[in-house]
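Q: sequence-free structure coming up:
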């Protein structure tokens with residue numbers, strides 16, 4: 001049986017009666033090529049099943065076009081977390097369109113145990129995206145302090161470029177809504193673990209605005225033991241057991257926790273929003289499908305992921321350029337059935 005000749009940009013160019021340079025420009029999205037020619041080349045490549053070989057590009061640039069992905073193993077947040085997994089998906093989509101592949105970085109692979117930095121060097125990644133990080137994880141600091149470009153959408157550490165939502169703006173939007181629309185005064189706050197800088201920022205903003213707006217805080221801040229639904233469920237039990245008087249509204253630092261709070265209130269015979277109103281933070285996909293639908297602060301997960309991707313690519317392309325370390329993105333209030341004007 002006669003084997004077909006392996007296709008390259010040279011024999012594709014010959015088959016299409018075009019210059020090899022034109023084929024290269026279309027594949028690598030560089031230079032000026034007419035839209036008609038571009039569509040013709042892409043359609044032909046798809047038809048014949050040609051897959052571009054990145055080896056030449058890697059050899060020329062001395063890069064692997066690989067981005068390392070880190071979910072710190074000391075954190076309780078994993079790939080199943082709806083908020084961070086969504087941001088990662090948008091990050092992934094963006095960098096893959098730019099020709100990069102993702103490689104998950106773990107401390108232990110089979111019988112081989114290395115630090116994050118050692119694995120990154122072993123896999124020769126061009127940059128790293130720290131999706132979620134634990135501040136007690138010393139291995140992360142070794143990675144952040146290395147010469148490998150790194151970005152995060154979670155950690156705020158000197159030397160690390162981070163893209164985050166504006167937490168203070170989000171809490172202020174809630175307070176404006178409570179004061180001007182709901183006309184409530186007695187509040188309580190449930191936060192996630194104190195190991196999270198994002199949660200701490202939301203707690204600080206809450207403490208600031210409750211004084212600024214002269215509202216009544218009916219309970220000490222309740223800190224959930226972890227990040228998920230069950231932690232929120234347990235936290236509302238703790239709040240109600242120790243509360244001085246029933247709050248009119250409970251502000252919750254994340255939607256995952258808030259959904260647990262809603263279930264906990266329901267199981268205790270309290271109706272939302274009739275007896276207590278609830279506001280979350282994040283606008284995860286399930287927030288609008290829960291009963292009642294959750295009023296919350298929407299973080300733009302697509303914008304967070306894409307901005308982190310752009311920032312990391314810029315850091316990899318221009319390692320000596322001074323780039324702002326912290327980028328804060330705007331948020332918005334989404335009103336649903338868990339709140340209402342009385």
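A: The structure has been received and is ready for your questions. Bear in mind that the values here come from a model prediction, so they are computed numbers and not experimental data.
Q: Going by C-alpha atoms from here, please, whenever you check contacts or count neighbours.
A: OK.
Q: Quick check, residue 188 in contact with residue 210.
A: No - the pair formed by residue 188 and residue 210 falls short of the contact definition of Cα atoms under 8 Å, at 10.0 Å.
Q: anything in contact with each of those two?
A: Both residue 188 and residue 210 are contacted by residue 217, under the criterion Cα atoms under 8 Å, 6 or more residues apart in numbering.
Q: Which residue of those two possesses the greater neighbour count?
A: Neighbour count, other Cα atoms under 10 Å: between residue 188 and residue 210, residue 188 has more, with 22 against 17.
Q: Report the secondary structure state of the closest residue to the more buried one other than its chain neighbours.
A: Spatially, and ignoring its direct neighbours in sequence, residue 188 is nearest to residue 250 (4.8 Å; Cα to Cα, 6 or more residues apart in numbering). Look at residue 250: counting by DSSP: H, G, I helix; E, B strand; the rest coil, its state is strand.
Q: which residues does residue 250 contact?
A: 187-190, 276-279.
Q: now residue 333
A: Taking Cα under 8 Å, 6+ apart, we find residue 333 in contact with 170, 173-174, 295-298.
Q: looking at this, it is in a strand?
A: Yes - under three-state DSSP, residue 333 sits within a strand.
Q: any idea how far residue 175 is from residue 292?
A: The gap separating residue 292 from residue 175 is 21 Å, by Cα to Cα, to the nearest Å.
Q: Between those two, which is the more surrounded one?
A: Between residue 292 and residue 175, counted using other Cα under 10 Å, residue 175 has the larger neighbour count: 22 against 18.
Q: Just give me the neighbour total for the closest residue in space to that one that isn't next to it in sequence.
A: Using Cα to Cα, 6+ apart and skipping residues adjacent in sequence, the residue nearest residue 175 is residue 209, 7.1 Å away. Per other Cα under 10 Å, the neighbour tally for residue 209 reads 17.
Q: Let me see the mean pLDDT of the helix or strand hosting residue 209.
A: According to DSSP states H and E, residue 209 maps onto helix 197-212. Averaged across helix 197-212, pLDDT comes to 95.
Q: so after it, what's the next helix or strand?
A: Counting by DSSP H and E, the next helix or strand C-terminal to helix 197-212 is strand 216-217.
Q: That following strand - contacts with which helices or strands?
A: Using 3 or more Cα pairs under 8 Å, 6 or more residues apart in numbering; DSSP states H and E, the elements in contact with strand 216-217 are strand 186-191.
Q: now with 10 Å?
A: Applying 3 or more Cα pairs under 10 Å, 6 or more residues apart in numbering; DSSP states H and E, one finds that strand 216-217 makes contact with strand 186-191, helix 197-212.
Q: now the helices: where do they sit in the stretch 51-200 of the chain?
A: In the stretch 51-200 of the chain, helices defined by DSSP state H, counting those that start in this stretch lie at 55-61, 82-97, 116-123, 138-144, 167-177, 197-212, listed in chain order.
Q: nearest to residue 309, of those?
A: helix 82-97 (5.5 Å; Cα to Cα).
Q: Look up the closest residue to residue 200, ignoring the ones flanking it.
A: For residue 200, ignoring the flanking residues on the chain, the nearest one in space by Cα to Cα, 6+ apart is residue 194 at 6.2 Å.
Q: What residues does the nearest residue to residue 144 once chain neighbours are set aside make contact with?
A: Once flanking residues are discounted, residue 144 sits nearest to residue 160: 6.2 Å by Cα to Cα, 6+ apart. Contacts for residue 160 (Cα atoms under 10 Å, 6 or more residues apart in numbering) come out as 130, 141, 143-145, 149-152, 324-326.
Q: from what I can see residue 227 touches residue 191, true?
A: Yes - in this structure, residue 227 is within contact of residue 191 by Cα atoms under 10 Å, at 9.2 Å.
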